[in-house]
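In: kindly return the folded structure for what I paste below:
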Amino acid sequence: MKALFDKVQMNNLTVKNRLVRSATWEGIADPYGNIDDRSYRIYEELSRGGVGLIIGGFTSVAENDFYFDGMMRLSNDSLIPQYRKLTDLIHLYDSKVIAQLALGAFYRNGVQIEPDYMTADEIQTVIQWLIDAATRAEKAGFDGVQIHAAHFFFLSRFISPRVNHRIDQYGGTTDNRMRILLEIMDGIRKACPTLHITIKINSSDFTYGGLEHEESLYICKKLAENGIDSIEVSGNGTSVGGIKAHINEAYFLDFAKRLAKEVNVPIILVGGLRAKDTMENVLNTTDIELLSLSRPLLREPDFPNRLQNEDNAVSKCISCNRCYSSDCHKCVFRR
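Out: Residues are numbered from 1 along each chain as shown. Below is the predicted model:
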């Protein structure tokens, strides 16, 4: 019998419970990736609230990636001390923290370049950016890194048949399109052997000609065979509105349940989890190991503590998605 507040041992990582804060966009770093007291307050509040593992918000690996305003970055060594302060705050409360390594898009001379038009050297540059960012994450005290290959950002687009039409070793077949992920993972493992390496990946691109369930399942199996430590299942077009407890929760469950049965690495389910009994049922009727929350923790950063102390706890989040148009992506109902 699995319980929400079991301690979980994964490769290179032990977490105090099965609850994960999924990477959540804040958009408050300056153009160079520097963070300020707002970020420290957000992450200290989350860790104090009882979550076992925090995955940091979208953290770009490139100096010239301006896909969004307000991205955190691990693109140069000067940023390490302020991120070390962040991880130290989180560790005070016995939570673990992973840096989400991401690239919004690849730019050449200020122009966004799709995978089809990148040179082989440019692909190697991107791979090295992620490896270097992982090294900085380790120096900054992160317990692991997440390769962000979801939500149609750069890596998600690179592995998608909708976008990638290359005819070299990085395109055409599924194995070729996913080669970039294996090379990133292998490079990080060699550079940082003690880091936990996870990945966030679309179960489906939900777009014509894109990645679909069977191909995503194949990619995840290959990642598992080649040493990924855990996989967070997501999809293109997340944050479904109008989620109600016991009615339409856990919208990526079917794929995650199947994947968890077919691989030997921990699967993290994200998407529309709201009620304690739903979460416990997922854990005890599937092979899924961890459950990831985003919007509920914007509404209640201490929701994990409430889950631990209340038998019938249900999130106060109503999935209105107004947080996405608010300053710092805060819940508009929090006072």
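In: every contact and neighbour count from this point should use C-alpha atoms.
Out: OK.
In: SS state for Leu217?
Out: helix (DSSP: H, G, I helix; E, B strand; the rest coil).
In: so the nearest residue to it once chain neighbours are set aside is in which element?
Out: Among residues not flanking Leu217 along the chain, Leu259 sits closest, at 6.6 Å (CA to CA, 6 or more residues apart in numbering). Element membership of Leu259, judged by DSSP states H and E, is helix 253-262.
In: what helices and strands are in contact with that helix?
Out: With contacts defined as 3 or more CA pairs under 8 Å, 6 or more residues apart in numbering; DSSP states H and E, the packing partners of helix 253-262 are helix 213-225, strand 267-270.
In: the shortest one pairs with which strands?
Out: When pairs are called by DSSP bridges, strand 267-270 turns out to pair with strand 230-234 (parallel), strand 290-293 (parallel).
In: any idea of the angle the first one forms with helix 253-262?
Out: Spelled out, it's strand 230-234. For strand 230-234 against helix 253-262, the angle by axes from the mean of the first three to the mean of the last three CA atoms, to 10 degrees is 160 degrees.
In: contacts for strand 230-234?
Out: 10, 150-151, 197-203, 220, 224, 252, 255-256, 265-271 (CA atoms under 8 Å, 6 or more residues apart in numbering).
In: and if we set it to 6 Å?
Out: Thr198, Ile199, Lys200, Ile201, Asn202, Ser203, Val265, Pro266, Ile267, Ile268, Leu269 (CA atoms under 6 Å, 6 or more residues apart in numbering).
In: now do the contacts for the fifth one.
Out: This points to Asn202. Residues near Asn202 by CA under 6 Å, 6+ apart: Ala150, Ser234, Gly235, Asn236.
In: again, but for the second one
Out: Shown in contact with Ile199 (CA under 6 Å, 6+ apart): Gln146, Ile147, Ile231.
In: beta partners of the second one?
Out: The reference is to Ile147. Leu101, Ile199.
In: might one say that it is in contact with Leu101?
Out: Yes: contact criterion CA atoms under 6 Å: Ile147 and Leu101 qualify, at 5.3 Å.
In: between these two, which one's more packed in?
Out: A count of neighbours by other CA atoms under 10 Å puts Leu101 above the other of Ile147 and Leu101, at 28 against 22.
In: so which elements touch the longest helix along the chain?
Out: Across the chain, the longest stretch assigned as helix under DSSP state H is helix 120-139. Where contact means 3 or more CA pairs under 6 Å, 6 or more residues apart in numbering; DSSP states H and E, helix 120-139 is packed against helix 179-191.
In: the helix it packs on to helix 120-139, inter-axis angle?
Out: Using the same axes, to 10 degrees: helix 179-191 against helix 120-139 is 40 degrees.
In: dump helix 179-191 to CSV, keeping only the CA atoms.
Out: Coordinates of the C-alpha atoms in helix 179-191 are reproduced here as CSV (Å, rounded to 0.1, in the frame of the first residue of the first chain):
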residue,chain,number,x,y,z
ARG,A,179,19.0,11.4,-30.4
ILE,A,180,19.4,14.9,-29.0
LEU,A,181,17.7,13.9,-25.7
LEU,A,182,20.0,10.9,-25.3
GLU,A,183,23.1,12.9,-26.0
ILE,A,184,22.0,15.6,-23.5
MET,A,185,21.3,13.0,-20.9
ASP,A,186,24.6,11.2,-21.5
GLY,A,187,26.5,14.4,-21.3
ILE,A,188,24.9,15.5,-18.1
ARG,A,189,25.5,12.0,-16.5
LYS,A,190,29.2,12.2,-17.4
ALA,A,191,29.6,15.7,-16.2
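In: one step back: for the strands paired with strand 267-270, give me CSV that also has mean pLDDT and distance to Ser156.
Out: Listed next are these as CSV, based on pLDDT from 0 to 100; distance: least, CA to CA, whole Å:
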stretch, mean pLDDT, distance to Ser156
strand 230-234, 96, 11
strand 290-293, 98, 20
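In: what's in contact with stretch 158-172?
Out: Pro115, Asp116, Arg157, Asn176, Arg177, Met178, Gly209, Gly210, Leu211.
In: any buried residues in it, and which?
Out: Using 16 or more other CA atoms under 10 Å as the burial criterion, the residues of stretch 158-172 that qualify are Phe158, Ile159, Ser160, Pro161, Val163, Asn164, His165, Arg166, Tyr170, Gly171.
In: sorry, back to before: show only the entries of the contacts of stretch 158-172 found in helices.
Out: Using DSSP H, Arg157, Asn176, Arg177 are the members of these that sit in helices.
In: low-confidence ranges, the chain, go.
Out: Scanning the chain for pLDDT under 70 picks out 238, 335.
In: which parts of it are strands?
Out: 8-10, 13-15, 19-21, 53-55, 59-60, 72-73, 96-102, 106-108, 111-113, 144-149, 196-202, 230-234, 267-270, 290-293 (DSSP state E).
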